[in-house]
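# kindly generate the corresponding structure for this input.
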Amino acid sequence: MYNITFNKSRFLYRSWSSLRNISLICTSIFIFSSCKKSDYLAEKPDQALIIASTLKDYDALLNNTIIVNGSGIGVVPSLGEIYGDDYYIAPHIFENDLPHTFYRDSYTWSDNTYNDPVYAPKDWSFSYRCVFYANTILEGLAKLTATQEQQQQYNQIKGSALFFRAHSFYWLAQLFSPHYDKNTANTDLGIPLKQSADITEKINRSSVQQTYEKIIADLNEALPLLVSQPTLMTQPSKLAVYGLLARIYLTMGEYDKALSNSTLYLGIKNELIDFSSLPPNSYYSMPDPKNNVEISFYSILIDEILINLYPARIDSTIYASYNNDDLRKALFFEDAASDFGIPDDYGKYFSGSYDRTNKYFAGISTNEIYLIRAECYARTGNISSALQDLNDLMRKRWKNSVPYPSITASTQAEALDKVLTERRKELLFRGLRWVDIRRFNKEGANISITRNIDGQIYTLPANSNKFTHLIPPEVIDFNPGLQQNPR
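Prediction:
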């Protein structure tokens, strides 16, 4: 076992084994306090949910940022990131330092991931726990009559609960149902659209079409209830709704609707961080989330050791794709060998999270929305507008000591290719690459993912059934008749 001293004092990682133990303890606390039986919630995870009955109570539940935003532990499913192709695990880490078999099986896309008795399916349970909170609040609100003085608060609470439910449903669909295909969406199996706080209710799967219709319906209902911009980045707003709708419609291939929602977002908020104003080569380079002008909704990817700083190395071809005058090359990556004190180590790790910690930001931010709109412009044939949005973003990423070389394109295909290239480089470790691979493969991109572990090759072929993750077996056991994803 390697003895690691991480010289960034913020994390105080004295050894990999200590980090492992802390992570497992925290995982156990949060999983088993909320999910003891086979359904996503076998008992109410918080006594406050039982006694909540007033607007003040429901507002307090929405301010439990651990549950609804993932503060500290994450809430956005990370299995897609684990399955993806933005990183690799060094062979000596894979062989010696992964704490239990779930990580080895996940890294090689084995269907045995749920056989590890230590691992609990956080991607399912954390997301549905947030849905449970939202449903509890919505049911409670239905029993209240707001006074005129309370109406604004009532609306914000209801809109927020609807947003959090839709946000959770969207991410669950990216793992546990096939990618949206308008030709098969009515027959493809979606996720259980749990809309009741009754934890004993048996669940069934909707279709993919019904899944997306419900997500969009929740957001459309939330939109008029919410404030335009949030006071705190953990709180939903109209801005967050427009951003999430833009992402959803991009996922669905509804480019006109993604374009209109991204434009609505940028009409409210369009400021970008000027990376030349940030301190170079420091893990503290990114602004604190509360001061980050790009963040419109704060959410965190579920913290999993496999994609954390020590084991996960950035793919060398991705790192090499950044121009030396591109400030992201210095701000997004740091050297593993010097930081972890392992002479034989190699490679770079990602240090550009908008959470400004070793946790990965997976919320909604203006840089993503610029890229969504640029892609939609390119796909709908508006090359000049696509390049304008792309260059507006890239100027903020370039050294101000050298002239910025504007990105140009003479064809629609060339413009789209350049937008997608920058999309991947800008949005690393946000869970979005997995969504992109699934949608690109539906368009014929034929992206397969390969792992090389000491000469043994593992491959996830394009459009494999494994691009849809298995529902946890205990959920199937608790809900007889619930259909498992095919293999």
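# for A378, see how far away P279 is.
34 Å (CB to CB, to the nearest Å). For every residue, glycine as well, the C-beta is placed using N, CA and C.
# L245 too?
19 Å.
# any chance you could map the helices in the stretch 201-350 of the chain?
208-222, 238-252, 255-268, 316-320, 328-331, 336-340 (DSSP state H, counting those that start in this stretch).
# could those helices go into CSV alongside mean neighbour count, mean pLDDT and distance to L62?
Listed next are these as CSV, based on neighbours: other CB atoms under 10 Å; pLDDT from 0 to 100; distance: least, CB to CB, whole Å:
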stretch, mean neighbour count, mean pLDDT, distance to L62
helix 208-222, 20, 98, 13
helix 238-252, 24, 98, 13
helix 255-268, 19, 98, 22
helix 316-320, 12, 94, 37
helix 328-331, 19, 94, 33
helix 336-340, 17, 66, 37
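# so the closest residue to L371 other than its chain neighbours, which of the three states?
Nearest residue to L371 in three dimensions, chain neighbours excluded: R423, at 4.7 Å (CB to CB, 6 or more residues apart in numbering). Using DSSP: H, G, I helix; E, B strand; the rest coil, the structure places R423 in helix.
# quick one: contacts for R423?
Residues near R423 by CB atoms under 8 Å, 6 or more residues apart in numbering: 371, 375, 436.
# same question, H469
79, 83, 123, 175-176, 485 are the contacts of H469 under CB under 8 Å, 6+ apart.
# how about a cut-off of 10 Å?
77, 79-80, 83, 106, 109, 111, 113, 121, 123-124, 172, 174-177, 434, 485 (CB atoms under 10 Å, 6 or more residues apart in numbering).
# find the nearest non-adjacent residue to it, please.
In space, H469 is closest to L175, 4.6 Å off (CB to CB, 6+ apart).
# tell me the pLDDT at the one you found?
Here the pLDDT value assigned to L175 is 97.
# ok, it touching K122?
No - contact criterion CB atoms under 10 Å: L175 and K122 do not qualify, at 11.4 Å.
# between these two, which contacts overlap?
In terms of CB under 10 Å, 6+ apart, L175 and K122 are both contacted by the residues 77-79.
# which of the residues you listed sits closest to F333?
S78 (19.7 Å; CB to CB).
# count of neighbours near that closest one?
By the criterion of other CB atoms under 10 Å, S78 has 28 neighbours.
# go on, A415?
Neighbours of A415 (other CB under 10 Å): 26.
# which residue, other than its chain neighbours, is closest to it?
Nearest non-adjacent residue to A415 (CB to CB, 6+ apart): A409, at 3.8 Å.
# helix/strand/coil for the one you found?
Strictly by three-state DSSP, A409 counts as coil.
# picking that back up, and the contacts of H469, which of them are in helices?
Under the assignment DSSP state H, the contacts of H469 contribute 79-80, 83, 106, 123-124, 172, 174-176, 434 to helices.
# now for those residues: which two are most distant?
S106 and L172 (17.4 Å).
# tell me which of those two has more neighbours.
Neighbours per residue (other CB under 10 Å) separate S106 from L172, with L172 holding more: 26 against 22.
# contacting residues around P236?
Contacts of P236 (CB under 10 Å, 6+ apart): 62, 68, 156, 159-164, 166-167, 219, 222, 225-227, 230, 244, 296-297, 364.
# re the thing from before, okay, P279 and A378: which has more neighbours?
A378 (26 against 9).
# how is that one assigned, secondary-structure-wise?
Quick answer, by three-state DSSP: A378 is helix.
# so what's it up against?
Counted by CB under 10 Å, 6+ apart, A378 has contacts 255, 385-387, 389-390, 409, 412-420.
# may I see the PyMOL selection of the buried members of those?
To isolate the buried members of these in PyMOL, using 16 or more other CB atoms under 10 Å:
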select buried, resi 255+385+386+387+389+390+409+412+415+416+418+419+420
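# sketch out the low-pLDDT regions of the protein for me.
1-50, 99, 118-120, 281-284, 337-346 (pLDDT under 70).
# tell me where it has strands.
Assigned by DSSP state E, the chain shows strands spanning 87-89, 295-297, 312-314, 333-335, 348-350, 364-365, 449-453, 456-460.
# could I get the ones you listed as CSV with distance to L138 and mean neighbour count?
Shown next, in CSV, are these (distance: least, CB to CB, whole Å; neighbours: other CB atoms under 10 Å):
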stretch, distance to L138, mean neighbour count
strand 87-89, 38, 22
strand 295-297, 19, 24
strand 312-314, 38, 22
strand 333-335, 43, 18
strand 348-350, 37, 21
strand 364-365, 22, 26
strand 449-453, 39, 14
strand 456-460, 38, 12
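# who touches the closest residue to K442 other than its chain neighbours in this structure?
Using CB to CB, 6+ apart and skipping the chain neighbours, the partner closest in space to K442 is H179 (5.6 Å). When contacts are counted by CB under 10 Å, 6+ apart, H179 touches 173, 185, 188, 208, 251-253, 435, 437-442, 463, 467-468.
# which one among the shared contacts of L175 and K122 gets closest to D315?
When the shared contacts of L175 and K122 are compared against D315 (criterion: CB to CB), the nearest one is S78, at 17.4 Å.
# pretty sure the closest one sits against R433.
No - judged on CB under 10 Å, S78 makes no contact with R433 at a distance of 11.7 Å.
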